[in-house]
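Q: Return atomic coordinates for the entry below.
(chains A and B)
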Amino acid sequence: MTIPADLKYTPSHEWVRVEADGTLTVGITHHAQDLLGDMVFIENPAAGRSLAKGEECAVVESVKAASDVYAPVSGEVIAANNDVEASPESVNKDAYSAWLFKMKPANPGDVAGLLDAAAYQKLVESEAH
Amino acid sequence: MPFIPHTEEDVSAMLGAIGASSIEELFDEIPPALKTGKLRDVPDGLPEMAVARLMQERASQDGFWCNFIGAGVYEHHIPAAIWQITTRGEFYSAYTPYQAEASQGTLQLIYEYQTMMTRLTGLDVSNASLYDGASALAEAVLMAVRSHKTSRRVLVPKTVHPIYRRVVNTTVKNQGIELVELDYDATTGQTLLPDEPGSFAGLVIPQPNFFGVLEDVHAMTDWAHAKGALAIALVNPTTLAVLEAPGKWGTKGTDIAVGEGQPLGAPMASGGPYFGFMCCRQDFVRQMPGRIVGRTVDLDGKPGFALTLQAREQHIRRSKATSNICTNQGLVVTAATQYMALMGPQGLAKVASASHAHTVALADKLAAIPGVARAFASPYFHEVVLKLNDNAKDVLRALRAQGILGGLDISAWYPELGQVILVCATETKTAADLDHYAQQMERILSKRREAPPCAYKS
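A: The predicted structure is shown next:
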């Protein structure tokens, strides 16, 4: 299972989990890490930073490329995952447990605008052609 | 790799393969109006004998001066071996090769250069060099702003070289970065730290500063860190052989160190080419511009060298690259590497100590002359500001007539100081040179006092 059904997705290959308290946990998808290859460096946004939807807020760097991570919705960063910065390869091992940062959405309703697993699956398939 | 130009046969073979009859035909889609045509102002070729004659004439126009000007570029002895080795065919190319790993010798040399620079600065990482000291400082300012993330203000003391400040301003002024000038203490010539600086990303710490004066670098480094900013050392590599390395300044050391590499084996050569160096702590390596060579092992486990951390660079990161300067000053860096290898830490320390001792001796001799005094009471390295009780430009002109370049007139840059000259005596000056300068200075000043130029007679 590389596209868990319980998560939301963005066209720029971030995954988003809506937590019970309404906060969002964000990472990059299995498909994204597969394209990038072995991770060597991750730079997360600082807690407290406010983000606009689509804003570049993190950088993931692999042995062959560096790529920006975009804010899935507008909101404020409430935590960054220091463990994943210390061991970037954890993103390759399990992209869905190696989250990058957590945020509080400015407008909880915005999450509904994200892709569901089926729509993301379709996107990945269409990009493969 | 030798440079081998294409022969006419090579060119016609290539044209034949692509089906073009001439180079002109190959480019015939370019409208004639856009072509420059023949370069009218470029003279025809000359025979070797005539070129040698012309070059000798041009060289003699430089004159044979006894030079006491430093101000960013320093006259040091360059052992003959340095450029003999540097101009060997294997090294004699200004560029990092495009297929970098094919040139293991060049990469090994750059790796050794980086290793030497990190030892001199006491920091973790060095890049393969930048254009010159001033542009290296501009890159350090950009790097501090990138790393800091919240503030786009950088504090730059007035004791930083005025030309460096202009270059930095030109580089950053259209990028929404604010440079804040810090004043200096009129008696010590040292930077004054403001009580309420506001939020800032970095503090530039020149050591020695433009006046040759030693700043309180430990206090400045700790002050910058206490305010949550980066400390940027601007240093002369020669002085690092005897002064504390930036990596040891204050409690944590500076984050970045930059400077002009010319004192390490490059001739003054009417202004260049020189090179800038840049080192930083490991934490900031992804924000550092320029190329970095690393050591690795190949498939068979044999040691080799490769460009590393290329994800920062323009061919991967495109417009988000840390910098679009990737061409380094390869040849001058080659000379600097030979220079540091040949001098060793002890040799470099001797150069630094002798330059300091000669400047102190000269300053003492000159300050004993009526009408000459040191402008600042602080310790200095191998440059000193002297205040004249006379017109600096006229005095320097009179010295020049005696074959002496007596210093740089910095009065226009620092009008508050009056008539001041910046004087430097490196290890290349003998005791007789220092005496000669002092005698001429005394004679010129006393003569001008006795018989002032007509215009000044009342």
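Q: Give the full set of residues in contact with B:I177.
A: Under the criterion of CB atoms under 8 Å, 6 or more residues apart in numbering or on different chains, the neighbours of B:I177 are B:141-142, B:145, B:152-154. (Each C-beta comes from the backbone N, C-alpha and C, glycine too.)
Q: at 7 Å instead, please
A: Taking CB atoms under 7 Å, 6 or more residues apart in numbering or on different chains as the contact definition, B:I177 lies against B:141, B:145, B:152, B:154.
Q: Ok, B:P194 next?
A: Residues B:L182 are the ones in contact with B:P194 under the rule CB under 7 Å, 6+ apart.
Q: that's a helix at it, yeah?
A: No - under DSSP: H, G, I helix; E, B strand; the rest coil, B:P194 sits outside any helix and is assigned coil.
Q: Model confidence score at it, please.
A: Taken from the predicted model, the pLDDT recorded for B:P194 is 96.
Q: what separates it from B:L182, distance-wise?
A: 7 Å (CB to CB, to the nearest Å).
Q: ok so, going back, pull the most distant pair out of the contacts of B:I177.
A: The widest separation within the contacts of B:I177, taken as CB to CB, falls between B:V141 and B:R152 and amounts to 10.1 Å.
Q: more neighbours, these two?
A: When B:V141 and B:R152 are compared for neighbours, B:V141 comes out ahead with 26 against 16, by other CB atoms under 10 Å in any protein chain shown.
Q: so the closest residue to the more buried one other than its chain neighbours bridges to which residues?
A: Excluding its sequence neighbours, the residue lying closest to B:V141 (CB to CB, 6 or more residues apart in numbering or on different chains) is B:V154, at 4.9 Å. Each beta-bridge partner of B:V154 is listed here, defined by DSSP bridges: B:L179, B:G202.
Q: Would you mind listing the outside residues contacting stretch A:69-80?
A: Taking CB under 7 Å, 6+ apart as the rule, stretch A:69-80 contacts A:10, A:12, A:14, A:16, A:23-24, A:26, A:28, A:44-60, A:100-107, A:110-111, A:114.
Q: Would you write a PyMOL line that selects the buried entries of these?
A: Buried subset of the contacts of stretch A:69-80, written as a PyMOL selection, criterion 16 or more other CB atoms under 10 Å in any protein chain shown:
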select buried, chain A and resi 10+12+14+16+23+24+26+28+44+45+49+51+53+57+58+59+60+100+101+102+103+105+111+114
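Q: can you count the residues close to residue 33?
A: Since no chain was named, I'll use chain A. 23.
Q: was after chain B, sorry
A: With other CB under 10 Å as criterion, B:A33 counts 5.
Q: which stretches of the stretch 251-400 of chain B aren't confidently modelled?
A: Scanning the stretch 251-400 of chain B for pLDDT under 70 picks out the ranges B:324-328.
Q: So the residue in it that chain A sits nearest to: helix, strand or coil?
A: Nearest residue of the stretch 251-400 of chain B to chain A (CB to the nearest CB) works out as B:A311 at 3.8 Å. Secondary structure of B:A311, reduced to three states by three-state DSSP: helix.
Q: picking up where we left off before, was I right to think the residue nearest to B:V141 contacts B:S199?
A: No - with contacts defined as CB atoms under 7 Å, B:V154 does not count as touching B:S199, sitting 11.2 Å away.
Q: which one of the two has more residues nearby?
A: More crowded of B:V154 and B:S199, by other CB under 10 Å: B:V154, with 25 against 12.
Q: By proximity to chain B, which residue of chain A wins?
A: Ranking the residues of chain A by distance to chain B (CB to the nearest CB) places A:A66 first, at 3.8 Å.
Q: phi, psi of the residue nearest the centre of chain A?
A: For chain A, the residue sitting closest to the mean C-alpha position, by CA atoms, centre = their mean, is A:G27 at 2.7 Å. The main-chain torsion angles of A:G27 are listed as degrees, to the nearest 10 and equal phi -150, psi -170.
Q: what's the closest non-adjacent residue to it?
A: Beyond its immediate neighbours in the sequence, the residue positioned closest to A:G27 (CB to CB, 6+ apart) is A:W99, lying 4.5 Å away.
Q: shouldn't the one you found be in contact with A:T25?
A: Yes - in terms of CB under 7 Å, A:W99 counts as a neighbour of A:T25; the distance is 4.8 Å.
Q: out of these two, which sits in the busier spot?
A: When A:W99 is set against A:T25 and neighbours are counted by other CB under 10 Å, the residue ahead is A:W99, at 23 against 18.
Q: quick one: the more buried one and B:K35, what's the gap?
A: Note on A:W99: its distance to B:K35, by CB to CB, is 58 Å.
Q: what does chain B have sitting close to chain A?
A: B:286, B:311, B:316-317 (CB under 7 Å from any CB of the partner chain).
Q: who wins for neighbours among these?
A: Ranked by the number of neighbours (other CB under 10 Å), those place B:A311 first, at 22 neighbours.
Q: can you pull the contacts of that residue?
A: For B:A311, the contact set (CB under 7 Å, 6+ apart) comprises A:61, A:65-66, B:317.
Q: Which ones among those residues map onto helices?
A: In this view, those that belong to helices under DSSP state H are B:R317.
Q: elements contacting the helix or strand hosting B:V156?
A: Here B:V156 is covered by strand B:153-157, with elements defined by DSSP states H and E. Identification of packing neighbours for strand B:153-157 by 3 or more CB pairs under 7 Å, 6 or more residues apart in numbering or on different chains; DSSP states H and E yields helix B:133-148, strand B:178-182, strand B:202-207.
Q: Can you name every helix or strand that the helix or strand that it is followed by contacts?
A: Secondary structure here is assigned by DSSP H and E; on that basis, the next helix or strand after strand B:153-157 toward the C-terminus is helix B:162-172. Helices and strands touching helix B:162-172, by 3+ CB pairs under 7 Å, 6+ apart, are helix B:133-148, strand B:178-182.
Q: Name the residues that touch the longest one?
A: By CB under 7 Å, 6+ apart, the surrounding residues in contact with helix B:133-148 are B:72, B:130, B:152, B:154, B:163-164, B:167-168, B:171-172, B:177, B:201-202, B:204, B:229-230, B:232, B:234, B:256, B:258-260, B:276-278, B:284, B:287-289, B:323.
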